[in-house]
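**Student:** Prediction below, plus the sequence it came from.
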Amino acid sequence: MSHKHRGKGAYSKHGRRETDDFHLYEGSTSDKSRGRKDRGAKDRSPHRKDKQSHSGPSHPPGLKGKEIGLYYRDKQKAKNARKDDTVTLKLHPSTERQIKDLIDVPKSSYDKHFNLKDVGDDTSFESRYNHINESQFKKKFLSIITGTLNENLEKALAEKSKLVRNERLDIQLLDELAEQQAQPRYKKMMEFRMKLPAYEKKQDIINLLSSNQVILISGETGCGKTTQVAQFLLDYELECGRGSTTNIICTQPRRISAVSVAERVAAERADRLGNSVGYHIRLERKLARPYGSVTFCTTAMLLQFLQMDPALKNYSHIILDEIHERSTQSDFIITLLKQILPRRPTLKLILMSATLNSEQFSKYYDKCPTLHIPGFTYPVEEYYLEDVLHLTNFKFEENIVYTNGKKRMKKQEAANDTFEKFIGPYIRQLQHTKKYPQRVLDQLKNPKSEELSIDLVFELVRHICSQKNNPGAILIFLPGVMDITKLHRQMQDSHFFPSSRYDIYPLHSRMPTIDQKRVFQVPRNEVRKIIIATSIAETSITIEDVVYVIDCGRTKLTNFQVKNNLDTLDSEWISEANALQRKGRAGRVKAGICYHLYTKCRAAAFDKYPLPEMLRTRLDEVILQVKILQIGKADRFLASMMDPPEAKAIDLSLKLLRELNALDEKENLTPLGYHLARLPLDPRTGKMIIWAAMFSCIDPVFSIAASLSFKDAFYCPMNKEEEARKKKLELGQNQYSDHIALAEALSTYEELSSQPGNGAYSFCRKYFLSWNTLKLLSDMKQQFARYLCEMKFLANSNPKDGSANTNSLNKSLVKAIVCAGLYPNVAIVKGVTKNGIRCVTTEEEKVKLHISSINDKARSFPSPYLTYYLKRKSTGIFLFDTTCVSPWALLFASPNANGAISSKSNKSIIKLGPMLQFNCESGTAHIFQKLHKKLDALLENKINHPGTIDWNSNEGNILRAIILLLSVGDENMGVDSGRYDYSVTYDENSASDLDD
DNA sequence: GAGCACTGC
């Protein structure tokens, strides 16, 4: 029985259809079941109008302009009111009976087990969680929840360190070093190393660190600090005969740099990776020996190590590299280490940053001594907008003055006015120098001169290429993919850049790695390489042969608007640091030239550095980290940072974490919060995979969770957007879900990968999927399974395990679990227009579907409810990924649906919020209420006593009943009967109220 | 009539 899973095919809307046609989950969808499901989506719902023809404008004659809009708005309002009136969630009597059979069991010890104690506010944690049986979990949980950082450190320090003095080992390590140094390979490398500016500072660094616990090393790229500093320290310790107690860790912001630096350093030491040098990044590691070694890891990995080793007792030196980038993780560690260091007097900390803001870090660490290493790059000549206009004779489009609508004109004039105040004095200054002709100065006065002009870039590239005798690659920085595509097309369409003489490469993160790598190709003779890139070419991808840089001065940045609780992505002016970095890209092999497409006066107004990431993002995960590391109250710790986030931002995240039941009212971790904090996921996605384990459908849900927490595997092919969309839709199988489409893609990829041949590869090509991304997603799924297995929610660590996937083919269930994780991220479809799908979120905010969503081109939906992960404001507010879900999925996702039921005679209303209100037949409501309560109790019990579900017991029956309800609910939009037409079909007219 | 900077556990 327990192996027989009831997929969608096992039920009809009129209750159970007795059939032997159960599916065993086998890790992929067979063609047979796929075909049936496709039919199932439509054929079983004769009452749903999938395509409603609409018969042209039908408003009364004589109405004009806004009146027409108002007419349709009223009409729609009336229609909505009627709809609310007629839609009543109802289960078919036979379904009701089935559910009752499953859950109405005689009172058993099982039910008593669920009777959780009511505990008051003032009880201690121990008594609050008394009902949790003694277990490994309880011990761990209580120690986390009751400890403080100091107690924790105390306890950690009492434990033995792996770094134990061993004199024989010290001598052995010293001998080994001497042996290595004698090798020709080592000597050859040393010739190169000695030329690095960092090498001259070797003794200074060692001296400074011997008399200080913390030092700061500042230096620009090319000075060699990343590869040399760790080696200086390691060699010094080995030579002093302290090899056995030396374990150096060096953090890097990116995975690639951790690996490549480790490889480079191993080569310089004539050693293999895994001896004196290693690396450790998520899902990939070559560990060095635990003594006499240096390990390069990503910053986020060090944060993970801190969970197991809070006093960092297994390390002797911590080197934090590239801290000027101000990532959330490095800011977090810098803050935490400040508290740890006094308790670990022998631990040495080396901070490494670029020069521009190094002082700030030194100041934060009580004016720790700073050592500067000069950089080494070739000189780069700089030109600004005024020079570029002079060189190219470029003219901006005349500024259009709006005449239609006064409001707009005023705005425009006001903008011009501020611009005039900004640029005016600078133009007068330029006038005095007499360096620029009047026509250039006139151009600078045009406010358009501060907007991105692809035409200007185009002309500038032409200008560079028209010069005689100036070979070398051109690197162009543009803010986004759209701009890159536009320039690329323009260049291809013109006759100035024939492919016989120019290799033009777009470069951004959303293209397949294989295409990214093409930018390293050395062009044929007499051919010039031109790379059009996003800021990916600023730090992540280094192209050595660049001689010319065109810097448009803008970059896209995400921000978090605390005021509206909204993520944004806008094109902004870059910072001084970015400008410097971009310029530096031109001088790596010889002297170069950098063209800035902004005035010198604008450059002077740039911020020194971009805003730290901590101030630009939600703090949900950061706060969970604070909690799992027992650092104390979130606001206190975050206030001790170099740049503390706003109190309101902290409050927003605390509120969400309480809503998720991850934190209690006193800001302590709940058992659920404890599990979520340990998972390498944001709390919502974490909740999703825990639910998936309970409901035995881990494979598809893990795929979805991995994708949401990493990145979309569908890339955007140039000029094939429409084909790509169709392929994605094909994978979506009529499920109206980006998440299901991704799960299908990953499942097929995994299946093909396990077979001989290159099926997976051709599948990726055919469906515009990134092989690299899918591979990583697949590895992440295994990691999730390992975590959940360790937590005891899974019996083994195989994401394809049969017993953990008995319901994986039930798409209604998978969608409901996605919804449970993402809740309350729900939007309601209000209409389909030729400009896209119009929705409102539960906060009554108007949003559109992003073009990347599978649902963007849908013309009708089986349900008006869409759950989403990412909502972001750019040119409008967009939902990027959506899944259409039934009311029942929402009702089970809502943690407080039970308290939201009000009944009147045989009608009940379940009100999840002002926008989410459901009429429900009272018998059905009663059953739902009962089921939801049982689910809550079951979940709480499982969270408190981690274990797998026994599908042969009552808990199995409860879950089975819920799955049954979700399945019939999804087939017919919550109405398990033919009597109610709940089809939701939108035409363009119905959206008119949203259009004006 | 238009659209997703870059990282990381």
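**Tutor:** On my side now, so go ahead.

**Student:** any weak-confidence spans in the stretch 251-400 of chain A?
**Tutor:** Residue ranges of the stretch 251-400 of chain A with pLDDT under 70: A:399-400.

**Student:** Show me which residues of it sit near DNA strand B.
**Tutor:** Counting by Cβ under 7 Å from any atom of the strand, the residues of the stretch 251-400 of chain A close to DNA strand B are A:253-256, A:281-282, A:298-301, A:303-304, A:327. No exception for glycine: its C-beta is placed from N, CA and C like everyone else's.

**Student:** give me the number of residues near A:Pro717?
**Tutor:** Look at A:Pro717: counted by other Cβ atoms under 10 Å, it has 15 neighbours.

**Student:** Can you find the helix or strand of chain A with the lowest average pLDDT?
**Tutor:** strand A:11-12 (a mean of 29; mean pLDDT, DSSP states H and E).

**Student:** ok so, going back, quick check on the residues of the stretch 251-400 of chain A next to DNA strand B: which are buried?
**Tutor:** With burial judged by 16 or more other Cβ atoms under 10 Å, the buried subset of these is A:253-255, A:281-282, A:298-301, A:303-304, A:327.

**Student:** Present the residues of the stretch 251-400 of chain A next to DNA strand B as CSV; the columns should include secondary structure.
**Tutor:** Shown next, in CSV, are those (DSSP: H, G, I helix; E, B strand; the rest coil):
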residue, secondary structure
A:Pro253, coil
A:Arg254, coil
A:Arg255, helix
A:Ile256, helix
A:Ile281, strand
A:Arg282, coil
A:Thr298, strand
A:Thr299, helix
A:Ala300, helix
A:Met301, helix
A:Leu303, helix
A:Gln304, helix
A:Ser327, coil
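
**Student:** For A:Glu237, state which of the residues you listed is nearest.
**Tutor:** A:Met301 (22.4 Å; Cβ to Cβ).

**Student:** which stretches of the stretch 751-900 of chain A form strands?
**Tutor:** A:826-833, A:836-841, A:846-849, A:860-861, A:865-868, A:871-873, A:877-879, A:882-885 (DSSP state E, counting those that start in this stretch).

**Student:** Out of those strands, which is closest to A:Gly224?
**Tutor:** When the strands of the stretch 751-900 of chain A are compared by Cβ to Cβ, strand A:871-873 sits nearest A:Gly224, at 39.5 Å.

**Student:** Give the pairing partners of that closest one; include direction for each.
**Tutor:** strand A:566-573 (parallel), strand A:877-879 (antiparallel) (DSSP bridges).

**Student:** Is the first one positioned near DNA strand B?
**Tutor:** Yes. For strand A:566-573 and DNA strand B, the contact criterion (Cβ under 7 Å from any atom of the strand) is met by A:Leu569.

**Student:** which residues touch the residue nearest to A:Pro610 when sequence neighbours are not counted?
**Tutor:** Nearest residue to A:Pro610, sequence neighbours excluded (Cβ to Cβ, 6 or more residues apart in numbering): A:Ser575, at 4.8 Å. Residues near A:Ser575 by Cβ atoms under 8 Å, 6 or more residues apart in numbering: A:606-610.

**Student:** Kindly indicate the member of those residues with the most neighbours.
**Tutor:** A:Pro610 (19 neighbours).

**Student:** can you give me phi and psi for that residue?
**Tutor:** Per-residue torsions, A:Pro610: phi -70, psi 160 (degrees, to the nearest 10).

**Student:** For the stretch 551-700 of chain A, what lies in contact range of DNA strand B?
**Tutor:** So far as Cβ under 7 Å from any atom of the strand goes, the stretch 551-700 of chain A lies against DNA strand B at A:555-558, A:569, A:621, A:680-682.

**Student:** now do 6 Å
**Tutor:** Within the stretch 551-700 of chain A, the positions adjacent to DNA strand B are A:556-558, A:569, A:621, A:680-681 by Cβ under 6 Å from any atom of the strand.

**Student:** just the stretch 701-850 of chain A next, same as before
**Tutor:** Counting by Cβ under 6 Å from any atom of the strand, the residues of the stretch 701-850 of chain A near DNA strand B are A:709, A:711, A:716, A:721, A:835.

**Student:** what about 7 Å?
**Tutor:** So the stretch 701-850 of chain A meets DNA strand B at A:709-712, A:716, A:721, A:835-836, A:848, A:850 (Cβ under 7 Å from any atom of the strand).

**Student:** Now render those residues as JSON lines, adding neighbour count and pLDDT.
**Tutor:** As requested, these are exported to JSON lines (neighbours: other Cβ atoms under 10 Å; pLDDT from 0 to 100):
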{"residue": "A:Ser709", "neighbour count": "20", "pLDDT": "95"}
{"residue": "A:Phe710", "neighbour count": "14", "pLDDT": "94"}
{"residue": "A:Lys711", "neighbour count": "15", "pLDDT": "91"}
{"residue": "A:Asp712", "neighbour count": "19", "pLDDT": "91"}
{"residue": "A:Cys716", "neighbour count": "16", "pLDDT": "79"}
{"residue": "A:Glu721", "neighbour count": "13", "pLDDT": "83"}
{"residue": "A:Asn835", "neighbour count": "12", "pLDDT": "79"}
{"residue": "A:Gly836", "neighbour count": "19", "pLDDT": "82"}
{"residue": "A:Lys848", "neighbour count": "20", "pLDDT": "93"}
{"residue": "A:His850", "neighbour count": "23", "pLDDT": "93"}
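
**Student:** from these, which is closest to A:Asn919?
**Tutor:** Nearest member of those to A:Asn919, counting by Cβ to Cβ, is A:Lys848, at 28.5 Å.

**Student:** which residues does that closest one bridge with?
**Tutor:** For A:Lys848, the beta-bridge partners are A:Arg838, A:Phe878 (DSSP bridges).

**Student:** which stretches of chain A have low pLDDT?
**Tutor:** A:1-86, A:106-126, A:399-415, A:969-996.

**Student:** if you set the cut-off to 50 instead, what comes out?
**Tutor:** A:1-57, A:81-85, A:109-122, A:405-407, A:977-996 (pLDDT under 50).

**Student:** what separates whichever strand or helix holds A:Lys138 from the chain centre, distance-wise?
**Tutor:** Element membership for A:Lys138 (DSSP states H and E) is helix A:136-146. With Cα atoms, centre = their mean, to the nearest Å as the basis, helix A:136-146 stands 30 Å off its chain's centre.

**Student:** Show me what that helix is in contact with.
**Tutor:** A:125-126, A:129, A:132, A:627-628, A:630, A:668-669, A:671, A:674, A:791-792, A:944-946.

**Student:** in the stretch 101-250 of chain A, what residue is nearest DNA strand B?
**Tutor:** Nearest residue of the stretch 101-250 of chain A to DNA strand B, counting by Cβ to the nearest atom of the strand: A:Ile249, 13.4 Å away.

**Student:** quick one: which of the contacts of helix A:136-146 has the most company?
**Tutor:** A:Lys627 (25 neighbours).

**Student:** In terms of helices and strands, where is it?
**Tutor:** Going by DSSP H and E, A:Lys627 is part of helix A:620-628.

**Student:** which helices and strands sit right next to that helix?
**Tutor:** For helix A:620-628, the packing partners by 3 or more Cβ pairs under 8 Å, 6 or more residues apart in numbering; DSSP states H and E come out as helix A:328-340, helix A:634-639, helix A:647-659, helix A:671-678, helix A:683-694.

**Student:** Only C-alpha atoms, please: export it in CSV.
**Tutor:** Extracted in CSV, the C-alpha atoms of helix A:620-628 (Å, rounded to 0.1, in the frame of the first residue of the first chain):
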residue,chain,number,x,y,z
ASP,A,620,15.8,37.2,6.3
GLU,A,621,18.7,34.9,5.9
VAL,A,622,21.2,37.2,7.7
ILE,A,623,18.9,37.2,10.7
LEU,A,624,18.6,33.4,10.7
GLN,A,625,22.4,33.3,10.6
VAL,A,626,22.6,35.6,13.6
LYS,A,627,20.2,33.2,15.4
ILE,A,628,21.9,29.9,14.5
